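Peer 1: Can you look at this prediction? I've put the sequence above it.
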Amino acid sequence: MTLMEPNKKDLAIERYLTILRDQHTPTAQFRWAADNLARLLCSEAIAKLPHREVNLQTPVGASKGVVLDTEVMCVPIYRAGQALVHAFLEVIPEAKVGSLLIQRDESTARPKMVYHKFPRQLPKHAIILDPMLATAGSALMAVTYLLELGYSPSHLYFVGVIASQEGYHRLSQIITEDHITIGVIDPGLTPQMYIDPGLGDFGDRYFGTV
């Protein structure tokens, strides 16, 4: 399942997306909605990671629980991807964080790798974080780089807020759909290759640099 599962959380997701899409939403409220939506996306994404059952003792008696059965690295695509990192570290505080700065050439809409930094010991699974999946150019560049580092496609995951149908399709050719978590898929792209209707520039709106 690519989108959030159709359960009681859907209304919350729609509420946060409504706030994020509204061009009149001020920075503080945009940030609040983005952070809360990121927690819901995180919950869905980590459920797809390997986990195992454990026995434990409560103050009253024996019980069972689950723990992650793998090491994880979050890989935000800077700058907008930074907005999703905190939610993941709240849930997986032991996760490592790699960094990719990929800038879009506004004249060609093509991505360019500017900077990268990763732990010396790479965790087994990597979760790429980027709120907006438009053409998927940046996400595919991130995937290519991680594959060059030795990751297999089966150990890569992606989490985003909004994707275009085109961007989602391109990414799903490399990463299995089960490993992609998206809040919503929008129908198209503008001539400038921005998601339509989307929500504008996520990074500028989140960090108040509009």
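Peer 2: Okay, I see it.

Peer 1: And the strands in the chain?
Peer 2: Here the chain has its strands, by DSSP state E, at 51-57, 62-68, 72-78, 96-97, 99-105, 110-117, 125-129, 132-133, 156-164, 180-186, 188-189, 195-196.

Peer 1: How far off centre is the first one?
Peer 2: For strand 51-57, the distance between its averaged C-alpha position and the chain's averaged C-alpha position is 27 Å (CA atoms, centre = their mean, to the nearest Å).

Peer 1: Give me the contact list for that strand.
Peer 2: Contacts to strand 51-57, defined as CB atoms under 8 Å, 6 or more residues apart in numbering, come from residues A62, S63, K64, G65, V66, V67, L68, D69. Placement of C-beta: from N, CA and C, glycine included.

Peer 1: related to what we said a few turns ago, can you say which of the strands of the chain is nearest to L17?
Peer 2: With CB to CB as the criterion, L17 lies closest to strand 180-186 of these, at 6.0 Å.

Peer 1: show me the contacts for L41.
Peer 2: Neighbour list for L41: M4, L84, A87, V159, G160, V161, T181, G183 [criterion: CB under 8 Å, 6+ apart].

Peer 1: right, and the last one touches L133 too?
Peer 2: Okay, so that is G183. No: contact criterion CB atoms under 8 Å: G183 and L133 do not qualify, at 10.4 Å.

Peer 1: Could you tell me which residues touch both of the two?
Peer 2: Taking CB under 8 Å, 6+ apart as the contact rule, G183 and L133 both touch G160, I162.

Peer 1: Between these two, which is the more surrounded one?
Peer 2: Comparing G183 with L133 by other CB atoms under 10 Å, the one with more neighbours is L133, at 28 against 22.

Peer 1: do you know how far the nearest residue in space to the more buried one that is not next to it in sequence is from G150?
Peer 2: Leaving aside its chain neighbours, L133 sits nearest to A163 (3.7 Å; criterion: CB to CB, 6 or more residues apart in numbering). Between A163 and G150 the computed distance is 27 Å (CB to CB, to the nearest Å).

Peer 1: Could you do T135 as well?
Peer 2: In terms of CB to CB, T135 sits 26 Å off from G150.

Peer 1: And those two? Which one has more around it.
Peer 2: Remark: of T135 and G150, T135 carries more neighbours, 19 against 8, as counted by other CB under 10 Å.

Peer 1: Touching, the residue nearest to L133 and L189? I think so.
Peer 2: No: counting by CB under 8 Å, L189 is not a contact partner of A163; they are 10.6 Å apart.

Peer 1: Are there residues contacting both of these two? Which ones?
Peer 2: Counting by CB under 8 Å, 6+ apart, the shared contacts of A163 and L189 are A134, I195.
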